[in-house]
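Chemist: Got a predicted structure here, sequence first:
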Amino acid sequence: MARRKMIQSDKLGSHNNPIPTGVVIGNVILPSVISGAGPDGISEDPEEQIHQAFQNLRNVMAAAGGSTDNIGKIIFYLKDFSHRALVNKEWLAMFPNEDDRPARHVMQIDVQGKTIIQMDVIGVL
């Protein structure tokens, strides 16, 4: 049976809770929630925070041994649904080929504090 391998990188922030950045089991990549927090904290500017979230996604996938090409599905959790246009801007930059994009779902939820975006990702190596 496959064992969990921790996803770790010096490019990734730490969590306040006792959870890993993510794990790889077999060939499945399962990150913990990915937010828009950067090395210096979290910006209150929605565009900067969403851009940082997508950069964090790249970093998590690289630390897992893959890339954004290995993503099968992303669920976006937004504090304000009006920020969906900013998500779409970053989405198109990351996945410009309309014939080669992961599945996705966007939901509005009450995320905590200054956080305006969180991502739940499933990937396969």
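Modeler: Looks like it arrived, so ask away.
Chemist: quick one, strands of the chain?
Modeler: Under the criterion DSSP state E, the chain contains strands at 4-6, 22-25, 28-31, 34-35, 37-38, 41-42, 71-78, 103-108, 117-124.
Chemist: OK, contacts around the closest residue to Ile109 other than its chain neighbours?
Modeler: With sequence-adjacent residues excluded and distances taken as CB to CB, 6 or more residues apart in numbering, Ile109 is closest to Tyr77, at 4.8 Å. Heads up, the C-betas are built off the backbone N, CA and C, glycines and all. Going by CB atoms under 8 Å, 6 or more residues apart in numbering, Tyr77 touches Met107, Gln108, Ile109, Val111, Ile117, Gln118, Met119, Asp120.
Chemist: Please identify which of these is nearest to Gly66.
Modeler: Lowest distance from Gly66 to those (CB to CB) belongs to Met119, with 15.3 Å.
Chemist: shouldn't the closest one be in contact with Gly22?
Modeler: No. Applying CB atoms under 8 Å as the test, Met119 and Gly22 come out as separate, 11.3 Å apart.
Chemist: ok, back up a step: turn the contacts of Tyr77 into CSV, columns for neighbour count.
Modeler: Listed next are the contacts of Tyr77 as CSV, based on neighbours: other CB atoms under 10 Å:
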residue, neighbour count
Met107, 11
Gln108, 14
Ile109, 9
Val111, 16
Ile117, 26
Gln118, 20
Met119, 21
Asp120, 16
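Chemist: I'd like to know which of those is nearest to Ile71.
Modeler: Once CB to CB is applied, the member of the contacts of Tyr77 that ends up nearest Ile71 is Met119, at 9.9 Å.
Chemist: what about the nearest residue to that closest one once chain neighbours are set aside, distance to Ala2?
Modeler: Among residues not flanking Met119 along the chain, Ile34 sits closest, at 4.3 Å (CB to CB, 6+ apart). Separation of Ile34 from Ala2 (CB to CB, to the nearest Å) stands at 22 Å.
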